[in-house]
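Enquirer: The amino acid sequence is not available; the structure is as follows:
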């Protein structure tokens with residue numbers, strides 16, 4: 001069976017420590033001033049009845065990625081496990097994929113090509129977890145294969161309430177946030 005990689009973020013466990021951001025920058029040699037993943041704190045309600053949610057966000061590796069169809073050179077493409085990648089030497093830096101992405105997950109690298117989260121596919125192919133998942137001190141990040149009903153991500157989604165960001169786009173994102 002073909003894998004379908006996904007990430008599940010437990011928003012009740014995330015403390016916004018930024019270990020995931022720093023691990024990603026180090027693993028993927030992300031230049032200063034840029035990031036492939038980031039933290040969002042969303043506060044809801046009115047004082048004194050407030051609630052906050054921390055989310056580790058990144059490319060959503062969509063099932064229907066508009067960035068891929070917007071790319072005129074084929075640099076943006078879907079790889080193993082549904083991971084959306086950018087082939088740097090094919091990318092002209094035209095920013096069409098950036099405009100098409102509803103998650104603001106892409107940036108122009110100082111070398112001129114577009115860059116983004118890769119779910120650390122190079123690590124996954126070695127049987128390892130993405131760098132962000134491996135270092136998370138609260139274990140709020142989970143990565144795995146949704147096509148395997150016994151995988152941790154499948155079990156979490158089957159037993160917990162979850163959401164995706166911007167479901168109205170029809171992109172079918174593969175990053176899920178547990179409530």
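Expert: Thanks, I have the structure now. Everything quoted here is computed from the prediction, not taken from an experiment.

Enquirer: burial of the closest residue to residue 108 other than its chain neighbours, as a residue count?
Expert: Leaving aside its sequence neighbours, residue 108 sits nearest to residue 93 (C-beta to C-beta, 6 or more residues apart in numbering; 5.5 Å). Just so you know, the C-beta spots here come from the backbone N, C-alpha and C atoms, and that holds for glycine as well. Burial of residue 93 is recorded as 15 neighbouring residues (other C-beta atoms under 10 Å).

Enquirer: For residue 42, see how far away residue 129 is.
Expert: Distance, residue 129 to residue 42, using C-beta to C-beta, to the nearest Å: 26 Å.

Enquirer: With residue 159 instead?
Expert: 23 Å.

Enquirer: I'd like to know which elements the longest helix along the chain is packed against.
Expert: For the chain, the longest helix by residue count, based on DSSP state H, is helix 19-28. The helices and strands touching helix 19-28, judged by 3 or more C-beta pairs under 8 Å, 6 or more residues apart in numbering; DSSP states H and E, are strand 37-46, helix 131-135.

Enquirer: In the first one, which residues are buried?
Expert: Of the residues in strand 37-46, those buried by neighbour count under the rule 16 or more other C-beta atoms under 10 Å are 37, 39.

Enquirer: Can you give me the pLDDT of the closest residue to residue 147 other than its chain neighbours?
Expert: Leaving aside its chain neighbours, residue 147 sits nearest to residue 4 (4.6 Å; criterion: C-beta to C-beta, 6+ apart). Listed pLDDT for residue 4 reads 97.

Enquirer: so what's residue 4 up against?
Expert: Contacts for residue 4 (C-beta atoms under 8 Å, 6 or more residues apart in numbering) come out as 81-82, 145-147, 174.
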